[in-house]
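K.L.:
From the sequence below, what's the structure:
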Amino acid sequence: MTIQTRSPSAAEIRHFLDLRDLDAATLRDIIDVGRSVKAMQDARRVPMHPAHPLAGRTLGLMLSKPSTRTRLSFEVGMRQLGGDVSVLSPTDMQIGRGESLADTARVLSRFLDVLVVRTGETDMLSELVRWSSIPVVNGLTPDSHPVQILADIMTYEEHRGPVAGSHWAWVGDGNNVAASLIEGAVRFGFSLTLATPETMKPRQEVLDWAQAEGGRIRLVHDPVEAVQDADCIVTDTWTSMSDEESTVRLSTLRPFQVNTALMQKAAPKALFMHCLPAHIGEEVTEEVFESAASVVFDEAENRLHAQKGLLLWVLGGENWCSFGKPG
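P.N.:
Below you'll find the model as predicted:
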């Protein structure tokens, strides 16, 4: 079926900035719609359903950091839904020559229907949201990476069934992905133990929010303790784009490497996830990365499908979650 779309009023704009901003039911619908859309395609990725619910809509991708998965997943996803995409680099825009974010946001709002932002400055995202009259999607900031967690949840459920009630472990730096995983654990009802160095804990504000929401979140500094009986172990590169690589940083994180010995402490069928790109031999060994437990490439592919569910929520109108369902 097709979706009746319309331009929302200012009060109806559906920004996607952090998982905590949406209720559990809406997040569940986004993933379920993404799975329905995925089911409409075969493994060869032939053109999907003849209905193009986002035909006539244009997505802007503002990428101030290098990107493989974020760019391709949004670009391909929007086009598979019938829309168009414009990729924007701040260095190629007038914003790189002194035009204000306020003016940029108001101009882009006249041309685009939705703006995805991947930036190294959280304040940049906030300022664009403030001045935009179209939905803004957080494609990544130093504080959070919510679109990644949508793909992670989808991947877990494809392999192991409902995520609610499962136990996950995070091992490594308490970075932006860890922050969004904390929010995902709260919203989707699974427990999460994070093992980080004392100097690399997640932001206290995120931990406080999770506690106030009744989340089952635990912070430890021993990776072996964290992964005990875990159903899923997640890590990330030790040197993110906002970090400076240093001997001290790498040596601090060395005990937090995900290797075979650590995986053996987890539940018998534990999955391994990584948002990529991976630095094999640092945060994860090749043996684990290439093992049967590793679902990192399913996870990468599901960025495409989960984000199609997200785009339908952002732009699809009142009956957005009916796409992919009979009738």
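K.L.:
Can you show me the helices along the stretch 201-327 of the chain?
P.N.:
Assigned by DSSP state H, counting those that start in this stretch, the helices in the stretch 201-327 of the chain fall at 204-212, 223-227, 247-253, 260-263, 286-289, 296-315.
K.L.:
do the same with the stretch 1-150 of the chain
P.N.:
Along the stretch 1-150 of the chain, counting by DSSP H, counting those that start in this stretch, helices occupy 24-39, 69-80, 101-111, 122-131, 146-160.
K.L.:
tell me the most buried of these?
P.N.:
When the helices of the stretch 1-150 of the chain are scored by mean count of other C-beta atoms under 10 Å, the highest mean neighbour count falls to helix 146-160 (a mean of 23). To be clear about C-beta, it is placed using only N, CA and C from the backbone, and glycine gets the same treatment.
K.L.:
how far off helix 69-80 does that helix point, in degrees?
P.N.:
Interaxial angle, helix 146-160 versus helix 69-80 (axes from the mean of the first three to the mean of the last three C-alpha atoms, to 10 degrees): 80 degrees.
K.L.:
what's the average pLDDT for helix 146-160?
P.N.:
Per-residue pLDDT values over helix 146-160 give a mean of 98.
K.L.:
Now do whichever helix or strand comes after it: everything it contacts.
P.N.:
As assigned by DSSP states H and E, the chain's next helix or strand after helix 146-160 is strand 167-171. Residues from elsewhere that reach strand 167-171, judged by C-beta atoms under 8 Å, 6 or more residues apart in numbering: 178, 181, 185, 190-196, 223, 226-227, 229-235, 256, 258, 262, 266-267.
K.L.:
the bottom helix or strand of this structure by mean pLDDT?
P.N.:
helix 247-253 (a mean of 93; mean pLDDT, DSSP states H and E).
K.L.:
List of residues touching it?
P.N.:
Against helix 247-253 from outside (C-beta under 8 Å, 6+ apart): 172, 173, 197, 199, 200, 238, 239, 243, 282, 283.
K.L.:
what's the distance between the closest residue in space to residue 279 that isn't next to it in sequence and residue 258?
P.N.:
Among residues not flanking residue 279 along the chain, residue 237 sits closest, at 5.3 Å (C-beta to C-beta, 6 or more residues apart in numbering). In this view, residue 237 and residue 258 are 12 Å apart by C-beta to C-beta, to the nearest Å.
K.L.:
Overlap of the contact sets of the two?
P.N.:
In contact with both residue 237 and residue 258: residue 283, using C-beta under 8 Å, 6+ apart.
K.L.:
higher neighbour count, the two?
P.N.:
residue 258 (25 against 22; other C-beta atoms under 10 Å).
K.L.:
isn't the more buried one right next to residue 233, touching?
P.N.:
Yes - with contact defined as C-beta atoms under 8 Å, residue 258 reaches residue 233; the gap is 6.1 Å.
K.L.:
picking up where we left off before, the residue nearest to residue 279 and residue 198: what is the separation?
P.N.:
According to C-beta to C-beta, residue 237 stands 20 Å off from residue 198.
K.L.:
got it, and residue 216?
P.N.:
Looking at residue 216 against residue 198, where the rule is C-beta to C-beta, the gap reads 22 Å.
K.L.:
how long is stretch 262-276 from one end to the other?
P.N.:
Start to finish, the residues bounding stretch 262-276 are 20 Å apart (C-alpha to C-alpha, to the nearest Å).
K.L.:
same check, this time on stretch 54-73
P.N.:
Start-to-end span of stretch 54-73 (C-alpha to C-alpha) is 16 Å.
K.L.:
Next: stretch 207-226.
P.N.:
End-to-end for stretch 207-226, by C-alpha to C-alpha: 16 Å.
K.L.:
Name the residues that touch that stretch?
P.N.:
Outside stretch 207-226, the residues touching it (C-beta under 8 Å, 6+ apart) are 20, 169-171, 182-183, 185-186, 190-198, 201-202, 255-256, 258, 262, 265.
K.L.:
For the closest residue to residue 194 other than its chain neighbours, the count of nearby residues, please.
P.N.:
In space, and not counting its chain neighbours, residue 194 is closest to residue 170: 4.3 Å by C-beta to C-beta, 6+ apart. By other C-beta under 10 Å, 31 other residues sit near residue 170.
K.L.:
which residue sits closest to residue 78, ignoring its sequence neighbours?
P.N.:
Once flanking residues are discounted, residue 78 sits nearest to residue 59: 4.5 Å by C-beta to C-beta, 6+ apart.
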